[in-house]
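1. Got a sequence here, can you model it:
(chains A and B)
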Amino acid sequence: MTFQTFLIKYGEIAIKGKNRYMFEDALVRQIRFALRNTEGTFRVHKCQGRIYVDCDGYYDYDETVESLKKVFGIVGICPVVRTEVKEFEELKKDVVAYMDEAYPDKNLTFKVESRRAKKTYPVNSMEMNCDLGEAILDAFPEMRVDVHNPDVLLNVEVREEVYIYSHIIPGPGGMPIGTNGSAMLLLSGGIDSPVAGYMVAKRGVGLEAVYFHAPPYTSERAKQKVVDLAKKVAAYTGPIRLHVVNFTDIQLYIYDKCPHDELTIIMRRYMMRIAETIAKENGCLGLITGESIGQVASQTMQSLLVTNEVCTLPVYRPLIGFDKQEIVEISEKIDTYETSILPYEDCCTIFVAKHPVTRPKLDVIKRSETRLSEDIDRLVQEALDTTEVIDVEA
Amino acid sequence: MEVYLDNSATTKAFDEVGDLVRKVMCEDYGNPSSLHRKGMEAEQYVRSARETFAKILKVQEKEIFFTSGGTESDNLALIGTARAYKRRGNHLITTAIEHPAILNTMRYLEDEEGFRVTYLPVDQYGRVKLSALREALCKETILVSIMYVNNEVGSVQPVKEAGGIVKAYNREIIFHSDAVQGFGKYRIFPKREGIDLLTVSSHKIHGPKGMGALYISDKVKIRPIVFGGEQQKNIRSGTENVPGIAGFALAAKMVYSDLEEKTARMRKLKERFIEGIRQVDHVSVHGLPDETSAPHIVSVGIAGIRSEVLLHTLEEKGIYVSSGSACSSNHPGISGVLKGIGVEREYLDATLRFSLSEFTTEEEIDYTLKTLYNCIPMLRRYRRR
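-> The predicted model follows:
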């Protein structure tokens, strides 16, 4: 069966009152962007409170659906058979043909829901419901009507053209990117951070990302892995600006000056400080991390308190209550898992102590940090000045 | 300064090879199987390449078969012979320090085709123990495969002696040698070393990638492992990679001209490098540093620095090397070969392989040493504790 249009259903946007058009426009923009590399010519437009994607001419159905399934804000995607407005007898034939092709197994219940937006059409919607239902029953005696709980809800809408549809492919939900400002994701190359980025982005938040690179301790391939992850996430979020910070000198300086079991926690504090500076410079309204309580030493409640203390921006931790397995499941769904588990060392693990502090005390850590006072500001400034920016697009 | 010391991973193609490959691709692009003149032209390249290899190896032209590289040659040699001779017995012998193209193929034959495989141990210098070979040979043995030069530590295997032992035990046993690292560094004459099957690869000798050959003695039956248009006497179907074959043959010709002079120069540079690196404390040169080792491979353990970290540090300075062996570098972990030769723990995860080519210069070696002297102390200061 060939579909010429997709009707896009969106949920939450509908309740946004006077801002509604903003959300709709953002959704239209995101859909256009998502389809820019899909084979076919698409016309995305708003019409009477709905969004349609018209695809006249050749297009790849499966790729199109896959692309649309990645647009936040879409709740459902209905593939539509679109025909010109014809005599009612002809329309009946089209509808019967649709049902025949769409449901090879005829043992089902259905309900016809007609809409006559084009008021000049001679048959009204009540009549259409009855007559189309009758035509279907005549053609396929195994089918039965159930108006309360049908297996198939067949929509027939007469507008400038006729729209026939019954399938709803679930979308990702959420809100369109760009409706909620942007945030800075601390992207490590592990399993968690891409998922965290995905989850916040789903609420309409645009993403930027920061990665801490520590050559020669972390390799170019580790960096490439992070770019690849950003690319996977960008399939949902649109382009991501990735800030690559060279963290080696800071790390070695902390190594030289501070107690070894505090290395990771102090390092995390500097990562947060740097991420926040870059976030503010780029107009981001918050930081995002993949932290989950208790997962590792630097993610205990005490550690989170100590790292959090350096930030003034809100830090969003969407995975905070998730178990590893739940995170893995999402990462598999968004296709970042395979990349995440590539075995390249990241900068958090290279010098990690055998027994890092798990219950750091803020005042102790702050006292340790005073040992860095001589050079740390200069090193942080250098790291900021030499940050490499990579624009990543899916 | 850019210093490429990863020639055991792959080499820069000779310019002449590049030119020839382009010409064959874009001008003499016929299919050797075509009946017309274009096909004849292409066939000439294949014939003359076969002639080149036959001359270098002192074998017959009909005994040369072209493949997609060392890995395919190894697969064809092992699987093809094992299947052809399985009625005679089901026992295969190889060494513990072979390239994964051998080890994983052997494992496949064990797991999927019911063969029994003996993996021979090596001595502390990375040479197969011939006593173990003698003990392993049995009535059921149909195939022995021993590499020519080990790719990780450069140890040269006693192939000729092994061939003698195998043939003395039973002339019917097929003897294969993977000479990917030996070809182009040694004059190898299979018929004089009891070798029935010999694997060679193009991109290790300044030829194109995706190109290799297998010498198959005409006394050996072999079953094909790929099926198709019955090219190359149905041993290796598929339209011949004519540009690759032509480029490979030219590269072989070029490496073998003045071979002794070139390998002597490489060896001198290798010795210079070993002498230089020994100035550093807590350094171990694996395998034998003397003349019995390959002229182009140096495996060095530098205690206290993870090999990958040192590798990236050198990379920053324009020096390209491998950690362990490039082929196994995708799977971080400890090299089986280094363990096999009993390398001490502190060097296991701290070993780099420097591999030279005929293009390597003294200046490059000195620059590399100087760089190592500079960065080793700094890197040793920061370690996991």
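2. tally of neighbours for residue B:58?
-> Residues lying near residue B:58 (other Cβ atoms under 10 Å in any protein chain shown) number 12. All C-beta spots, glycine's among them, are computed from the backbone N, C-alpha and C.
3. Give me the nearest residue to it, chain neighbours excluded.
-> Closest residue in space to residue B:58, ignoring its immediate chain neighbours: residue B:189 at 4.7 Å, by Cβ to Cβ, 6 or more residues apart in numbering or on different chains.
4. Where does residue 272 fall, secondary structure wise?
-> Answering for chain A, as no chain was given. Under the criterion of DSSP states H and E, residue A:272 resides in helix A:263-281.
5. Let me rephrase: I mean chain B.
-> Per DSSP H and E: helix B:259-277 holds residue B:272.
6. go on, residue B:198?
-> Assigned by DSSP H and E, residue B:198 falls within strand B:197-201.
7. Tell me, how many residues neighbour the closest residue to residue A:372 other than its chain neighbours?
-> With sequence-adjacent residues excluded and distances taken as Cβ to Cβ, 6+ apart, residue A:372 is closest to residue A:257, at 5.4 Å. The number of residues packed near residue A:257 is 17, by other Cβ under 10 Å.
8. Give me the distance between residue A:257 and residue A:375.
-> Taking Cβ to Cβ, to the nearest Å as the measure, residue A:257 and residue A:375 are separated by 9 Å.
9. same deal with residue A:299?
-> Distance of residue A:299 to residue A:375, given as Cβ to Cβ: 28 Å.
10. between the two, who's got more neighbours?
-> With neighbours defined as other Cβ under 10 Å, residue A:299 and residue A:375 compare such that residue A:299 has more, 22 against 14.
11. which SS state does the residue nearest to the more buried one when sequence neighbours are not counted fall under?
-> Nearest residue to residue A:299 in three dimensions, chain neighbours excluded: residue A:291, at 4.8 Å (Cβ to Cβ, 6+ apart). Three-state call for residue A:291 (DSSP: H, G, I helix; E, B strand; the rest coil): coil.
12. what's the domain layout of chain B?
-> B:3-11+B:258-381, B:15-256 (automatic domain parsing).
13. Wasn't residue A:76 part of a strand?
-> Yes - judged by three-state DSSP, residue A:76 forms part of a strand.
14. That one - nearest residue in space that isn't next to it in sequence?
-> Leaving out its chain neighbours, the residue that sits closest to residue A:76 by Cβ to Cβ, 6+ apart is residue A:9, at 3.7 Å.
15. Can you say which helix or strand has that neighbour in it?
-> Going by DSSP H and E, residue A:9 is part of strand A:5-10.
16. what residues does the helix or strand following that strand touch?
-> Downstream of strand A:5-10, the first helix or strand assigned by DSSP H and E is helix A:20-34. The contact list for helix A:20-34 (Cβ atoms under 8 Å, 6 or more residues apart in numbering or on different chains) reads A:8, A:10, A:13-14, A:16, A:42, A:44-46, A:51, A:53, A:67-68, A:70-74, A:175-179, A:204, A:238.
17. try 7 Å this time
-> With Cβ atoms under 7 Å, 6 or more residues apart in numbering or on different chains as the test, helix A:20-34 has contacts from A:8, A:10, A:13, A:16, A:44, A:46, A:51, A:53, A:67-68, A:70-71, A:73, A:175-179, A:238.
18. With stretch B:198-206 instead?
-> B:10-14, B:17, B:57, B:69-70, B:73-74, B:77, B:177-181, B:183-184, B:188, B:190, B:208-209, B:211-215, B:244, B:247-248, B:251-252, B:254-255.
19. In strands, which of these appear?
-> Counting by DSSP state E, those place B:177, B:178, B:212, B:213, B:214, B:215 in strands.
20. Looking at those, which is nearest residue A:381?
-> Closest to residue A:381 out of the ones in strands among the contacts of stretch B:198-206 is residue B:212 (53.4 Å), distances taken as Cβ to Cβ.
21. who touches that closest one in this structure?
-> Residue B:212 neighbours (Cβ under 7 Å, 6+ apart): B:67, B:68, B:69, B:70, B:72, B:73, B:199, B:200, B:201, B:202.
22. can you pull the contacts of the residue nearest to it when sequence neighbours are not counted?
-> Take residue B:212 and drop its neighbours on the chain: the residue closest to it by Cβ to Cβ, 6+ apart is residue B:69, 4.0 Å away. Applying Cβ under 7 Å, 6+ apart, we find residue B:69 in contact with B:201, B:210, B:211, B:212.
23. quick one, what contacts the second one?
-> With contacts defined as Cβ under 7 Å, 6+ apart, the neighbours of residue B:210 are B:68, B:69, B:241, B:244.
24. ok, the residue in chain B positioned nearest to chain A - how many residues close by?
-> Chain A sits closest to residue B:312 of chain B, with a gap of 3.2 Å, by Cβ to the nearest Cβ. By other Cβ under 10 Å, 20 other residues sit near residue B:312.
25. That one touches residue A:215, doesn't it?
-> Yes - using Cβ atoms under 7 Å, residue B:312 is in contact with residue A:215, at 5.8 Å.
26. Show the backbone phi and psi for residue 85.
-> Because you didn't say which chain, this covers chain A. Main-chain torsions, residue A:85, degrees, to the nearest 10: phi -70, psi 120.
27. So which residues on chain A come close to chain B?
-> With the criterion set to Cβ under 7 Å from any Cβ of the partner chain, chain A comes near chain B through A:215, A:216, A:217, A:219, A:252, A:255, A:260, A:343, A:351.
28. Tell me the one of these nearest residue A:111?
-> Closest approach to residue A:111 among the residues of chain A next to chain B (Cβ to Cβ): residue A:343, at 54.3 Å.
29. Can you classify the closest one by secondary structure?
-> Once three-state DSSP is applied, residue A:343 turns out coil.
30. burial of it, as a residue count?
-> Using other Cβ under 10 Å: residue A:343 sits among 11 other residues.
31. Residue A:183 too?
-> By other Cβ under 10 Å, 24 other residues sit near residue A:183.
32. That one - that's part of a helix, no?
-> No - assessed with three-state DSSP, residue A:183 is strand; it does not lie in a helix.
33. so what's it closest to, chain neighbours aside?
-> Distances taken as Cβ to Cβ, 6+ apart put residue A:286 closest to residue A:183, at 4.4 Å, once the chain neighbours are dropped.
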